[in-house]
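Visitor: Just need the structure, nothing else, for what follows:
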Amino acid sequence: MPLRARLPGPGLAKIECPPLLQRRRVELVACSAGRLCALFDHADVLSEGSTRNEGGALVYYGSTSLLVALPPDTPRAGPLEQALDRAITLDPHLRLRALRVAQREAAARAGGPLGPLQAEIRCGLAPRASAAAIALTVDVTARVLVRTARPSRA
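Guide: Take a look at the predicted model:
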């Protein structure tokens, strides 16, 4: 094969012997489940969304925002606040909790049970809140499985 016809990038390389052991560092973070549940029970939840008819099926598009107030002893500045912000972003339990709240809100607005959800979750510390708080936004897309009577809005 001529040199000019080859694909760009490194070519094949011979290796004498693969290493016996490899080291990998992983950062795992988890909030206390009980305290997290209590915080989410008192969160401010704001949802908006509606269904659209697409190809003969109803599809729900919406967004749910949660503002979860943190305890008063939560750090508000410095490296501890940065560590907390990173921990919030990495914690899968917190993200799952937010997704469940968003799913419940979406099902209530869609007027029926939903199929598999597609969701995008953004989270972090709420910079403009008067007290320490976590801000989570969940954008949801899901197909409505069965249309039922819409709940009346009072």
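Visitor: And for T137, the neighbour number?
Guide: Residues within reach of T137, counting by other C-beta atoms under 10 Å, total 16. Heads up, the C-betas are built off the backbone N, CA and C, glycines and all.
Visitor: ignore the last one, H93
Guide: For H93, the tally of surrounding residues (other C-beta under 10 Å) stands at 14.
Visitor: Now do the strands in this protein.
Guide: Assigned by DSSP state E, the chain shows strands spanning 44-54, 57-69, 114-125, 133-144.
Visitor: partner residues bridging the closest residue to A57 other than its chain neighbours?
Guide: Using C-beta to C-beta, 6 or more residues apart in numbering and skipping the chain neighbours, the partner closest in space to A57 is R143 (5.6 Å). Under DSSP bridges, the beta-bridge partners of R143 are V59.
Visitor: pLDDT score assigned to R143?
Guide: In this prediction, R143 carries a pLDDT score of 93.
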